[in-house]
Each structure stands twice: as C-alpha cells, then as structure tokens.
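Prediction below, plus the sequence it came from.
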There are 2 protein chains.
Amino acid sequence: MSKPTLHTCLSPALLHLYDVKNTIVVVIDVLRATSTIATALYNGAKEIIPVDSVERCIQLGKELECITAGERDGQIAPGLQYGNSSFEYPREFIQNRTLVLTTTNGTKLLHMALAKGATEIITGSFLNLSAVCYHLIEMKKNVILGCAAWKDKPNIEDTMFAGAVVSRVKEHFAVNCDASHIAQTLYKVARNDMFEYMKQNDASHYHRLMGFGLEKDIRHCLTEDIADILPEYINGKLVIQKQ
Amino acid sequence: MSKPTLHTCLSPALLHLYDVKNTIVVVIDVLRATSTIATALYNGAKEIIPVDSVERCIQLGKELECITAGERDGQIAPGLQYGNSSFEYPREFIQNRTLVLTTTNGTKLLHMALAKGATEIITGSFLNLSAVCYHLIEMKKNVILGCAAWKDKPNIEDTMFAGAVVSRVKEHFAVNCDASHIAQTLYKVARNDMFEYMKQNDASHYHRLMGFGLEKDIRHCLTEDIADILPEYINGKLVIQKQ
C-alpha cells in the first residue's frame, strides 16, 4: 500500500495549491493562538470558539455568556476580557468554561481549510507536538501542515513547527514537498535553542513580542509537549479529540 | 541614513504581499532558466527574449529569425530548436545571436514584477551569484529576491540561492523578513554540497531532472560564479547590464 502524502503549506495564500479534500489539516499558529488553544484545553476548558474579529468575539461572548479573549498590538482588544497569553488560562480559571478567542491568521486558515473540504482540522503547537504527530501516524491519511504565517508572509516559528512534525513522522508519509524539507532543515538547525535561533535571526515575531515584554510567552510557546492534547475543530468549536 | 530593505518572496503567488515599486527584483529560477540565461549571455549571446508559451516562442523565432528554445517534460518542445540546458549554448554557437527562450515559472514572475512597477529586473543564479550581490550592494535600493518556484510551490534550489544572496549582502540591508532568514539557514546547511543536499532531501527538481538523465545539468546549475555577468530585463529583452 502506498503511503499517504504530507505537504507543508507555508502561507494561507498558498493553500489553493494543495489538495485539501480528504486531508487532515494541521493549523499552526505558534505565536500564540494554537499554543494558547492547547494550554486552555489542556487545563480543562470545555471548548474554544475561534473567531476572526473583535466584534464577533464580543457578540458571541454576550450570547453564550462566556469568556472573550484577543489582542490587538499586544494589548487586550477593547471590549474583550482577556489576552492571548497561555498564562492567563490556568486550570483554576478556565476549567469547564467556554472561551471565545479572536485570532486573525490562524482563524483565517482554519476557515479556508473548512471551506475547501478538509476531512479533519486539528491545531498544532510545540506544546502539543507529540499528540499531533502520534495522531497523524495513527490516521494514515493525507496531511497538510498549514502555517498561519503573518499576514500571509511565511514566518520562522510556524515553519519550525512544521519541520518538527516532518522530522518525527516522515517515515510514515510520502513527502514530495520541498517546503517540508526546508522546514525540517530549519527545525534541525534551531531545535537546540529555538528562542536563541529566533533572536539571532531577527525573527519578526521575536521582535514584535519582545517589544511587548513577552519573552516569557515566547519561551513558553517554544516548549515541547507541556500541554500534550489534540484540539480538533468540530461544529465551530475546538475541543479535545477523544481517542 | 537608513538601510534599504531586502525581502525574499518564496513564490510568485506571494508577490502581492511585497512592495514591488521602486524596488530591484531578482528573478530566480535556478533549475534551469536563469542559469541558462546567465550562461548564454556570458558566452556572448546578443540578447535573450523570455516568453511564456511555446506558441509565442515559435512566432517570435520566425519574426526575428533567431534561435528558439524551450522544453516540456524534459524534451525539446515540438516546434522549437533547442532545449533548456546551458551546455547547448557554448560561445561558438551563441555569440552575437538572439535566443527566444520559453520558460513558465521564471517568465511569469518576471512579467508580474514588471506589471507591478519594479525599478529594475535582473536574473540570478549560482552561476552569476557574485555579480548579483555586487550589484545589489552598489545600488543601495530596496530589493526583492523573487523565487520562481515550481507551479507556485516554493522549491529548495531557488530558496537556497536567495539564502546565498542574503548571506553575502545582509550587512547592507534591513532584513525584516523571516523568509530571508529561513533561506539563509537553508543555504548554510546545504552550501558545502548542494547537490548532495538536494539528493538527501528528495528535492522535487532533483527527482524530475535526474529522471531525464540531467545530473550534469543540476551540478552545473549549482556551481558558483562560472558565468558571472548581470542579466537585466530591458524593453522585453535580457541583456548584460553595462556597469
């Protein structure tokens, strides 16, 4: 039997080049949406509803009487309650609660994958790297590692994460995809100290988040397997997938 | 005075994200269009007219009574005279002659850059790496390293070349561009033996060209500075830029 395929899509603006149908799409937005999603679900959140605008976040928060969260330019967006940091969602706060989270790049990619008929949409971050890899190997289906990027420009951290997945699962897939190999090379070079790699290479998000005083957040989001659950997007909500 | 900017655009499908106006665009199509262009001009070709279809190539060849060249699936395209290999264009053949060359990925990017108002369009390949770098440093203008890619999917060899340029010119530019840093990392890893890197990492063009028996072509196209001239696109033709 031939192996399923694996591709890395470095930007939502390239998603149309890939065959999304009958494919598992891993949405990757390392700094910080998919890291925060992994953390909140790991800490017991009932579900997370990703939306693409502050307005929609406020509206849904009222309708569902739930927590609203999102940032613009490093600050909690006006009208919302919380920000994009994993540290705002400890178990004692988030357990059994619903979170409406506004993100731009990640939510856009997620909705695109949905519209194009993905079989399954999960989210990936270093915090739940092993859960993602284990699942992909188990499923034996075609995979697209979808980097949320930054306003459609490829970024270092999402590409690094794609490379981390490639390096762990490649034996189980046919990887006829240069972007996957480029991502893996990046990960191999950076893996010993990803924070330092981002600093040395002037990563755009390193600069942006350090400017907001968020070194602790960056370091947290680059830590492997500390919230090792599998978020799946079902009926408009991200929940932990039942194995 | 602030430094000019440098960006790497990994695919023509991402060019709209960059500010092309008042910018030098380096069109990169390492396997094999921009390598063949460098070789033919280095060997004395009068000019090269890049066109995007076999039909247009045949038509112009008749009108101008010049050499027509281009391949489809590793064979000289029906109706054309020569192929895409540098080895077909030695000095004794090409000197003072006009070549109409049909390429798909590279020509598309070149026309896009032109339509978006690039100040200057030059072509880059490992064969003329130093000429490109020297020129970019001299000009002190904003730069976009435009990878032609393969049907809009980023590829290893064009990204490696962008990384080679970044590694040589970065001190002279503001490089707020993750793709440029990813490209540079790729080049640093691969540079000692780029052919071996492409082989080990299942580069898509490595497979495609090896399948056509073109190992010699791949190795040639990965050799630095053996046709070290600067092709510039002026009035629809690629010619050696006068310094």
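Looks like it came in fine.

near chain B, which residues of chain A show up?
A:10-11, A:13-14, A:17, A:150-156, A:159, A:175-179, A:181-182, A:184-186, A:188-190, A:201-204, A:207 (CB under 8 Å from any CB of the partner chain). Yep, even glycine has a C-beta here, placed from its N, CA and C like the rest.

Among those residues, which are located in helices?
Secondary structure defined by DSSP state H assigns A:156, A:159, A:178-179, A:181-182, A:184-186, A:188-190, A:204, A:207 of the residues of chain A next to chain B to helices.

between these, which is closest to residue B:82?
Distance from residue B:82 was checked for each of these by CB to CB. The minimum falls on residue A:178, at 27.7 Å.

State the distance from the closest one to residue A:127.
Residue A:178 sits 27 Å away from residue A:127, going by CB to CB, to the nearest Å.

follow-up on the earlier one: are any of the ones in helices among the residues of chain A next to chain B buried, and which?
Of all those considered here, the ones buried according to neighbour count by 16 or more other CB atoms under 10 Å in any protein chain shown are A:156, A:159, A:178-179, A:181-182, A:184-186, A:188-190, A:204.

residues making contact with the least confident helix or strand in chain A by mean pLDDT?
Ranked by mean pLDDT, DSSP states H and E, the helix or strand of chain A with the weakest confidence is strand A:71-72, at a mean of 84. Residues from elsewhere that reach strand A:71-72, judged by CB atoms under 8 Å, 6 or more residues apart in numbering or on different chains: A:54, A:77, A:83, A:84.

any idea how far the third one is from residue A:73?
Using CB to CB, one obtains 11 Å as the distance from residue A:83 to residue A:73.

what's the answer for residue A:158, then?
Shown here: residue A:158 relative to residue A:73, a distance of 20 Å by CB to CB.

Which of these two has more residues huddled nearby?
Taking other CB atoms under 10 Å in any protein chain shown, residue A:158 and residue A:73 do not tie; residue A:158 has more neighbours (32 against 8).

For that one, which non-adjacent residue is spatially closest?
residue A:147 (3.7 Å; CB to CB, 6 or more residues apart in numbering or on different chains).

Strands - which of the contacts of strand A:71-72 land there?
Secondary-structure check on those using DSSP state E: no residue lies within strands.

Looking at neighbours, which among those residues is most surrounded?
With neighbours defined as other CB under 10 Å, the most crowded of these is residue A:84; it has 23 neighbours.

Correct me if wrong: that residue contacts residue A:75.
No: between residue A:84 and residue A:75 no contact is recorded; they are 10.2 Å apart, counting by CB atoms under 8 Å.

Next, the residue nearest to residue A:158: phi, psi?
The phi and psi values for residue A:147, taken as degrees, to the nearest 10, are phi -80, psi 130.

which strands and helices sit next to the helix or strand where residue A:220 lies?
Taking DSSP states H and E as the criterion, the element that holds residue A:220 is helix A:215-221. In this structure, helix A:215-221 makes packing contacts with helix A:194-200, helix A:204-211, judged by 3 or more CB pairs under 8 Å, 6 or more residues apart in numbering or on different chains; DSSP states H and E.

tell me which residues in the last one are buried?
Think helix A:204-211. Going by 16+ other CB under 10 Å, helix A:204-211 has these buried residues: A:204, A:205, A:206, A:209.
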